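J.: please work out how this folds:
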Amino acid sequence: MNAITLSFRTSALAVLLSLALSGCLVGPNFERPTSATPDVFNRTETAQAPSKPVESEFNPEWWTLFNDPTLNALEKQLADANLDVAAASARLRQSRAEQRVAGAAEYPTVNANASYDRERGSENGILSLLGVTPTGTQSQSASGNAPLGVTAMPGSKGSPAYNLYQFGFDASWEIDIWGRVRRSVEAASALTDASYEERNAVLLSARAELARDYIQLRDTQALLQIAQQNLEIARDATKLTQTRVREGVTTDLDVANASAQVETIESLIPTLEARSETSINAIGILLALQPGALKQMLDAQRDVPVLPSQVPIGFPSELAQRRPDIRKAEAQLHAATAAIGMAKADFYPRISLNGSAGFQSLQLSSLANWASGQFVVGPSITMPIFEGGRLKGTLQLREAQQQEAAIVYKHTVLEAWREVDDALVVYDAEQRRHDHLQEVVNLNLRALSIARQRYKAGAVDFLDVLNVQKQLLDAQSNLEQSKADAATNLITLCKVLGGGWQTSYASADAHP
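T.: Residues are numbered from 1 along each chain as shown. From the prediction side, this is the model:
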């Protein structure tokens, strides 16, 4: 009989272990969503601008397209220095820790314990049932067998105090038959992936912001140079009017108009200088530097970087793999899908294997003896019977959350394609606008030269010269601004294509 019982128990344990290792997973399995690929990359075939997007392997270090060593050096520092990226990396580490906590449920828990107690039983309590009476005499137990109490000490009543030493181990393991724990680990892993993609999105945004601030700085410095050049032209015009007044061929009105033009141009310079300083500070804060720390490096005037002749934009099928926001939305959909399995598993019984083993003795000297050993082992089962609708409500909640995550994913993909299409259109349009503005500047330079010659000859009023000079200043400023806008549009295009977080400059601990 004992052999049969042992064989039955062994078989039952084997079945439980088999179910734990290969048990079914309730709930839907995640399938990567598919989406249509619009033909927005076909715009590369109709682009008319000098710098053309082309379908070729995308360069994740897109800022190198500007061929600007200073910008390259700043971008190289960004991943390890930016505080927003550091905070996102800290959130990623938190998510990984939560994933590890969730994964711990797959394994048994084992605890060690030891205790020492000084005890004395109540003479009017349970000991009276075990054969110890208030009078101190030891009677038979309630069952009539040998006495179970402890003999009272001379002159005392009831049971004396005694020592109890014990130590041992206890273990518990939930057999994950329905996959509740595995779904929990699956959801935690997906949320870790989402946190990783969030960190990548922060890094990508920081890179684009740094490049934009750098372009704005160079644009401001170029505008400052244009203002200084026009200031020299205005001062020369003032000198010319003063000469003509002395010669008696004009009046002080022309001198006043020319001087006002000088002051107008000079009024632009402080604003541009302030904008230059704030742009340097904006770059510095992205690198976690104090105000003015980059002044020596960036204060020297330089032109806006020239656009490359070709911009590799990758291939349409790669967009979902590069964009962190799409990858994050997919990971969140995965986590929401796994959560449905967790909710469904709660409808089924939970089976756990529990056990404990150790030693107990009234004497410390005999605690380690084999005779002091004790153990308890056996399974336990918990089955929900009535929850007041909690389980059904939780399942409906998880299903609705999964539906929302699917909608968010679809919207994220559509928004990504819209951004790419818009960026391609704007990048081409701004370059074509730049070509027209260049022609406007050339015509205004020629008009100013003619107007000054005719003014010297007395053929036109000085107001005509002022109008042409003002038009030239505006045209030059617009041209320079267009040059900066085209560079900024290139940055936007590279950002919406999802480049910048895959580089070797990223912190090693941020990668999964």
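J.: residue 303 falls within a helix, correct?
T.: No: read with DSSP: H, G, I helix; E, B strand; the rest coil, residue 303 is coil and lies in no helix.
J.: ok, it to residue 218 distance?
T.: Noted for residue 303: a distance of 6 Å to residue 218, by C-beta to C-beta, to the nearest Å. Where you see a C-beta, it was placed from the backbone N, CA and C, and this is true even at glycine.
J.: of those two, who's got more company?
T.: Higher neighbour count among residue 303 and residue 218: residue 218, with 26 against 13, using other C-beta atoms under 10 Å.
J.: tell me who's in contact with the more buried one.
T.: Neighbour list for residue 218: 302-305, 484 [criterion: C-beta atoms under 8 Å, 6 or more residues apart in numbering].
J.: at 7 Å what do you get?
T.: When contacts are counted by C-beta atoms under 7 Å, 6 or more residues apart in numbering, residue 218 touches 302-304.
J.: what of residue 186?
T.: Counting by C-beta under 7 Å, 6+ apart, residue 186 touches residue 338.
J.: with the one 5 residues further on instead?
T.: For residue 191, the contacting residues are 95, 335, by C-beta under 7 Å, 6+ apart.
J.: so it, which of the three states?
T.: Assigned with three-state DSSP, residue 191 falls in the helix class.
J.: and the gap between it and residue 60?
T.: Here residue 191 is placed at a distance of 25 Å from residue 60 (C-beta to C-beta).
J.: what's the answer for residue 46, then?
T.: Relative to residue 60, and taking C-beta to C-beta, residue 46 is found at 26 Å.
J.: can you pull the pLDDT of residue 494?
T.: Predicted confidence (pLDDT) for residue 494: 93.
J.: again with residue 163
T.: For residue 163, the model assigns a pLDDT of 85.
J.: contacting residues around it?
T.: By C-beta under 7 Å, 6+ apart, the contact set of residue 163 is 118, 362.
J.: residue 298 contacts residue 220, doesn't it?
T.: No: the pair residue 298 and residue 220 fails to qualify as a contact (C-beta atoms under 7 Å) at a distance of 10.9 Å.
J.: what is the strand or helix carrying residue 466 packed up against?
T.: Using DSSP states H and E, the element containing residue 466 is helix 462-496. Under the contact definition 3 or more C-beta pairs under 7 Å, 6 or more residues apart in numbering; DSSP states H and E, helix 462-496 sits against helix 180-246, helix 252-286, helix 390-456.
J.: tell me which of those helices sits most buried.
T.: Highest mean neighbour count of those: helix 180-246, a mean of 21 (counted as mean count of other C-beta atoms under 10 Å).
J.: between helix 390-456 and that one, find me the angle.
T.: Helix 180-246 and helix 390-456 meet at an angle of 10 degrees, taking axes from the mean of the first three to the mean of the last three C-alpha atoms, to 10 degrees as the criterion.
J.: surely residue 432 and residue 49 touch.
T.: Yes: counting by C-beta under 7 Å, residue 432 touches residue 49, with 5.7 Å between them.
J.: where does the stretch 401-512 of the chain dip in pLDDT?
T.: Residue ranges of the stretch 401-512 of the chain with pLDDT under 70: 503-512.
J.: next one: phi and psi at residue 384?
T.: When quoted as degrees, to the nearest 10, the phi and psi of residue 384 stand at phi -70, psi 130.
J.: number of residues surrounding it?
T.: Counted with other C-beta under 10 Å, residue 384 comes out at 12.
J.: hang on, it packs against residue 390?
T.: No: taking contacts as C-beta under 7 Å, residue 384 lies outside contact range of residue 390: 8.9 Å.
J.: mean confidence for stretch 339-352?
T.: 91.
J.: in it, what's buried?
T.: 339-346, 350-351 (16 or more other C-beta atoms under 10 Å).
J.: how close does the residue lying closest to residue 62 once chain neighbours are set aside get to residue 326?
T.: In space, and not counting its chain neighbours, residue 62 is closest to residue 494: 3.8 Å by C-beta to C-beta, 6 or more residues apart in numbering. Residue 494 is 16 Å from residue 326, where distance means C-beta to C-beta.
J.: neighbour-wise, which of these two wins?
T.: Neighbour count, other C-beta under 10 Å: between residue 494 and residue 326, residue 494 has more, with 26 against 21.
J.: what angle do the helix holding residue 466 and helix 252-286 make?
T.: 10 degrees.
J.: done for today, thanks.
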